[in-house]
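**Q** sequence isn't available, so here's the structure alone:
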């Protein structure tokens, strides 16, 4: 497997969930990976797993809402591996008190925007110069199926932030299309990650989401990681400004079967 041979990849939120699975997959495909996460210990564990399997990785603790820390993250990629070719902006938050427009506290709204939208912007802003110097690259930003349609269960800050990611990504794709940088959004449905498990610990709340998925189950992290790999690799060389939906059929359904 060599879809990312000689590529340098930065993955945020790589200490757990989708990001951790993607970090292992990208390394298996030949990439040198910067494993970035706000939890530096988890980033270290993920990088150690990659190294134990024969891959190349370095951990970085980073708060993606902090401009200096994000710039340092990219500097690690360039300093350790000589360039940057792939950025997978995967880090995100979904607080339990993110609800309806009248219920969501302003502090919660701001935190979600800082991580989910500002964090993506900062990542792109830091990565673009390094990618230009490296001869081009691919940016994959995690949006969500709720960026394309309203959520059945109110989550106004998360939904708004992911809609912003979609728009930002399109703008970035157009701006740098002739400079060798592609930018695409990935729109997952609900995925079985520690974040989702914590959020949906209540069986009733879990079932309210599950009933809307035509395929009848939540997605798996590896299914999203493989989609990200496609967008990161040269296999998608004519794909930019797109939104790849991996949602078990949610956005295709008008009436969900019982």
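**A** Here it is on my side, so go on. These numbers were taken from a predicted model, which means no experiment stands behind them.
**Q** output the below-cut-off pLDDT ranges for the stretch 51-200 of the chain.
**A** 195-200 (pLDDT under 70).
**Q** where do the helices sit along it?
**A** Taking DSSP state H, counting those that start in this stretch as the test, the helices found in the stretch 51-200 of the chain are 67-81, 106-112, 119-133, 156-176, 194-199.
**Q** next, the buried residues of the first one.
**A** When burial is assessed from 16 or more other Cβ atoms under 10 Å, helix 67-81 yields the following buried residues: 69-74, 76-78, 81. Yep, even glycine has a C-beta here, placed from its N, CA and C like the rest.
**Q** let me have these in TSV, extended by distance to residue 230.
**A** Formatted as TSV, the buried residues of helix 67-81 follow (distance: Cβ to Cβ, whole Å):
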residue	distance to residue 230
69	29
70	25
71	28
72	29
73	24
74	23
76	25
77	21
78	25
81	22
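**Q** nearest to residue 253 among those residues?
**A** Closest approach between those and residue 253, by Cβ to Cβ: residue 70, at 37.0 Å.
**Q** what separates residue 61 from residue 194, distance-wise?
**A** 18 Å (Cβ to Cβ, to the nearest Å).
**Q** how about the helices of the stretch 51-200 of the chain in CSV, adding distance to residue 51?
**A** CSV is the format used below for these (distance: least, Cβ to Cβ, whole Å):
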stretch, distance to residue 51
helix 67-81, 13
helix 106-112, 33
helix 119-133, 23
helix 156-176, 31
helix 194-199, 23
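**Q** out of the ones you listed, which comes closest to residue 42?
**A** helix 194-199 (10.2 Å).
**Q** which ones are touching the spatially most central residue of the chain?
**A** Geometric centre of the chain, nearest residue: residue 90, 2.0 Å, by Cα atoms, centre = their mean. By Cβ atoms under 8 Å, 6 or more residues apart in numbering, residue 90 lies in contact with 11-14, 18-19, 22, 142, 228.
**Q** rerun that using 6 Å as the cut-off
**A** Neighbour list for residue 90: 11-13, 18-19, 142 [criterion: Cβ atoms under 6 Å, 6 or more residues apart in numbering].
**Q** in TSV: those residues, plus distance to residue 149, secondary structure and neighbour count.
**A** Below are the contacts of residue 90 laid out as TSV (distance: Cβ to Cβ, whole Å; DSSP: H, G, I helix; E, B strand; the rest coil; neighbours: other Cβ atoms under 10 Å):
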residue	distance to residue 149	secondary structure	neighbour count
11	27	strand	34
12	25	coil	29
13	24	coil	31
18	21	helix	29
19	25	helix	30
142	17	strand	25
